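J.: I'll drop the sequence and a predicted model, then ask my questions.
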Amino acid sequence: MLKLNFKILIFIFFLTNIAYSTSGDNDTLKALNIVKKINYNSAQIKKVELEGEIEYENTETGNSGSLFAVISKPDSCYAKIKGTFGITGVIMLITKNEFTYYNVIENIVIKGPPSEKNLGIILRVNISYDNLINIFSGSFILSDTLKKGNSYSFTKSFLIITEIDSLNLRKEYWIDTSKSVVTKIKSYNDSGKVDYEINFSKYKNINGIKFPVEIDFKRELKREYLWIKYTDVNFEVENFNYKINIPKSAKIYNWN
């Protein structure tokens with residue numbers, strides 16, 4: 001009788017392992033398939049022209065205006081922000097190596113490398129160049145996420161992919177499994193608290209490309225917020241030839 005029970009236990013254990021393994025394999029295939037769809041969608045976004053509204057707020061100030069931006073991935077971003085009565089307030093040209101910021105009203109030009117510190121000063125919100133491009137273009141490259149030992153998990157409605165970077169900091173991508181779109185990014189600091197969170201909502205299908213037309217960036221620890229709402233999105237951009245015409249009377253500052 002004891003031998004029989006022991007055999008039964010072995011058999012049950014064997015079946016359980018098979019079921020667990022199959023479930024795990026299915027989840028991995030499902031996750032990889034979702035990531036593949038997101039990568040394909042992002043790959044279609046090479047150049048994009050955007051118009052809409054932008055608003056920012058921090059502990060010292062807050063402002064809003066209309067936004068016109070053109071992005072040529074992976075290394076060029078042009079943006080013009082107009083304020084009250086349609087008056088141009090700021091023009092920016094940002095690449096991986098340099099940014100030019102022109103405050104039209106004060107006739108001041110600032111140039112320098114696009115470090116997070118520099119971009120944080122001119123944009124009023126601390127943000128890296130890569131995150132800036134991701135926010136504006138609504139695109140995400142997650143091709144190697146599941147191949148580097150990073151983890152993933154499923155909830156009822158989301159696939160959550162967790163990445164650990166070279167500084168051992170954690171970043172989470174929250175993906176709507178029914179639509180295969182990134183709806184949230186959460187980045188954590190070295191204390192394990194949320195450093196910043198980006199929410200992408202109201203995706204629209206534009207020429208077969210899924211694109212978020214409302215984007216919110218928030219850094220609660222520093223009370224920094226950025227809201228973008230696009231009213232027009234155009235992927236038919238032939239060439240990126242935007243420049244900033246700087247008048248001779250402008251004061252130019254070069255930052256390190």
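T.: Nice, I can see it.
J.: Just the strands from the stretch 101-250 of the chain, written as ranges.
T.: 108-112, 151-154, 158-164, 170-176, 181-188, 194-206, 209-219, 224-234 (DSSP state E, counting those that start in this stretch).
J.: Residue 249: which of those is closest?
T.: Evaluated over these, closeness to residue 249 peaks at strand 108-112, with 10.6 Å, by CB to CB. In short, each C-beta sits where N, CA and C put it, glycine included.
J.: one step back: residue 69 is nearest to which of the strands of the stretch 101-250 of the chain?
T.: Taking the strands of the stretch 101-250 of the chain one by one with CB to CB, strand 224-234 is closest: 9.1 Å.
J.: Direction-wise, compare the closest one with strand 194-206 and give the angle.
T.: Using axes from the mean of the first three to the mean of the last three CA atoms, to 10 degrees, one finds that strand 224-234 and strand 194-206 are set 20 degrees apart in direction.
J.: re the thing from before, turn the strands of the stretch 101-250 of the chain into JSON lines, including distance to residue 142.
T.: JSON lines is the format used below for those (distance: least, CB to CB, whole Å):
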{"stretch": "strand 108-112", "distance to residue 142": "31"}
{"stretch": "strand 151-154", "distance to residue 142": "10"}
{"stretch": "strand 158-164", "distance to residue 142": "7"}
{"stretch": "strand 170-176", "distance to residue 142": "7"}
{"stretch": "strand 181-188", "distance to residue 142": "8"}
{"stretch": "strand 194-206", "distance to residue 142": "14"}
{"stretch": "strand 209-219", "distance to residue 142": "14"}
{"stretch": "strand 224-234", "distance to residue 142": "22"}
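J.: so can I have CSV of those strands showing mean pLDDT?
T.: Shown next, in CSV, are the strands of the stretch 101-250 of the chain (pLDDT from 0 to 100):
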stretch, mean pLDDT
strand 108-112, 96
strand 151-154, 90
strand 158-164, 91
strand 170-176, 93
strand 181-188, 93
strand 194-206, 92
strand 209-219, 93
strand 224-234, 93
